[in-house]
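Engineer: missing the sequence, but the structure's below:
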């Protein structure tokens, strides 16, 4: 077929669309080709603005004739589409910079008129098609990489499973020694010391009973049994003061058991607001909540009035109980250095990870 005849047929197909006919594969290909050059875009804009203008039609036909003569592949494809039995497009969209007036655009079996409402529908349909194309590309990539995908998923699940298992590891008394603070873990002038023996109380009972969870922190037979306990102490002489820390690392049979101790303490802080004692002898001042250190899996801070301060932190199945009191005059408030608490949390995490691997 002569290039001028082919260009005339393509122009007629495009003109029909501008006149209100359904878009076709041939008209889409024509618009796409014209939009590739400045001359083609100008000709297409002219025809869109004045579809009945013979001069505008000639400009489009001339631009197409040049495209056809310079690209035999385009000419062959256009010939096939123009002579195809069914030319209405199926499942494709052409978005151009030209204006289309009094026309229809077909998206597969869907024909959209060029009205304000229909243009909104077209925009939605085009966006939907883009999403579908993206999903198709993603699916193709998944298919191409099918050998790698299960391995990656398996590795991720395995790592997550390992992490959960490690956090649920139950530490023995020997395991807890891995988490004991050493001088190299601490700031200068803070040193580990032997545990203080006077607080090894077998089965203390709080009076009133509502305060029992606090007393259980010191008890050898708490209401929530431990799996193991490691006791330690620190001496902090920075700034000329002397603060004594008690450090308890308590292992429980499960994370739920360890978390239950914190729950009990939270409830106690709401009820234990007056002086209380152990077996009517050892006196405690009223306790109140303090600023949560927000470390580990969950944590809690509270203190007695003008006396001992407490930080309780759960890391997996292990509870860190860190208490501090002023030891120089026994009259000042205790304080807990976040640096010391963070060092202890880090050591417990490492111990749990090591035990979990074993």
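Structural biologist: Perfect, thanks for sending it. Note that the structure is a prediction, hence the values are computed from the model and not measured. Residues are numbered from 1 along each chain as shown.
Engineer: for the rest of this, base every contact and every neighbour count on C-alpha atoms.
Structural biologist: Noted.
Engineer: right, and residue 63 touches residue 44 too?
Structural biologist: No. Contact criterion CA atoms under 8 Å: residue 63 and residue 44 do not qualify, at 9.4 Å.
Engineer: and for those two, which residues touch both?
Structural biologist: Residues within reach of residue 63 and of residue 44 at once, by CA atoms under 8 Å, 6 or more residues apart in numbering, are residue 34.
Engineer: comparing these two, which shows the higher neighbour count?
Structural biologist: For residue 63 versus residue 44, neighbours defined as other CA atoms under 10 Å are more numerous around residue 44 (30 against 21).
Engineer: can you count the residues close to residue 61?
Structural biologist: Other residues lying near residue 61 total 25 when counted by other CA under 10 Å.
Engineer: checking it next. Helix, strand or coil?
Structural biologist: helix (DSSP: H, G, I helix; E, B strand; the rest coil).
Engineer: where along the stretch 201-350 of the chain do the helices fall?
Structural biologist: Using DSSP state H, counting those that start in this stretch, the helices of the stretch 201-350 of the chain run over residues 212-215, 255-271, 338-357.
Engineer: nearest to residue 181, out of these?
Structural biologist: Nearest to residue 181, of all these, is helix 338-357, at 6.4 Å by CA to CA.
Engineer: residues in contact with the nearest residue to residue 11 once chain neighbours are set aside?
Structural biologist: Of all residues not flanking residue 11 in the chain, residue 61 sits nearest, at 5.8 Å (CA to CA, 6 or more residues apart in numbering). Residues counted as contacts of residue 61 (CA under 8 Å, 6+ apart) are 4, 7-8, 10-11.
Engineer: could you measure residue 61 against residue 47, distance?
Structural biologist: Distance, residue 61 to residue 47, by CA to CA, to the nearest Å: 10 Å.
Engineer: from the contacts of residue 61, which land in helices?
Structural biologist: 4, 7-8, 10-11 (DSSP state H).
Engineer: what about the nearest residue to residue 261 once chain neighbours are set aside, how many neighbours?
Structural biologist: With sequence-adjacent residues excluded and distances taken as CA to CA, 6+ apart, residue 261 is closest to residue 224, at 7.1 Å. Neighbour count of residue 224, defined by other CA under 10 Å: 14.
Engineer: you'd agree residue 224 is up against residue 254?
Structural biologist: No. Contact criterion CA under 8 Å: residue 224 and residue 254 do not qualify, at 11.6 Å.
Engineer: turn the contacts of residue 61 into a markdown table, columns for pLDDT and distance to residue 321.
Structural biologist: Shown next, in a markdown table, are the contacts of residue 61 (pLDDT from 0 to 100; distance: CA to CA, whole Å):
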| residue | pLDDT | distance to residue 321 |
| --- | --- | --- |
| 4 | 83 | 91 |
| 7 | 84 | 87 |
| 8 | 87 | 89 |
| 10 | 83 | 84 |
| 11 | 84 | 85 |
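Engineer: now these in a markdown table, with neighbour count?
Structural biologist: Compiled in a markdown table, the contacts of residue 61 are given as follows (neighbours: other CA atoms under 10 Å):
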| residue | neighbour count |
| --- | --- |
| 4 | 16 |
| 7 | 27 |
| 8 | 19 |
| 10 | 25 |
| 11 | 27 |
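Engineer: quick one: what helix or strand has residue 176 in it?
Structural biologist: helix 173-176 (DSSP states H and E).
Engineer: quick one: list the elements packing against the next helix or strand after that helix.
Structural biologist: Proceeding N to C from helix 173-176, the next assigned helix or strand is strand 190-193, under DSSP H and E. Judged by 3 or more CA pairs under 8 Å, 6 or more residues apart in numbering; DSSP states H and E, the packing partners of strand 190-193 are strand 228-236.
Engineer: who does the strand it packs on pair up with?
Structural biologist: Strand 228-236 sits in its sheet next to strand 190-193 (antiparallel), strand 243-251 (antiparallel), going by DSSP bridges.
Engineer: ranking these by burial, who's on top?
Structural biologist: strand 243-251 (a mean of 24; mean count of other CA atoms under 10 Å).
Engineer: and that one, average pLDDT?
Structural biologist: Strand 243-251 carries an average pLDDT of 90.
Engineer: go on, stretch 175-191?
Structural biologist: 92.
Engineer: could you list the low-pLDDT ranges of the stretch 101-250 of the chain?
Structural biologist: 101-167, 196-201, 241 (pLDDT under 70).
Engineer: sweet, I'm off.
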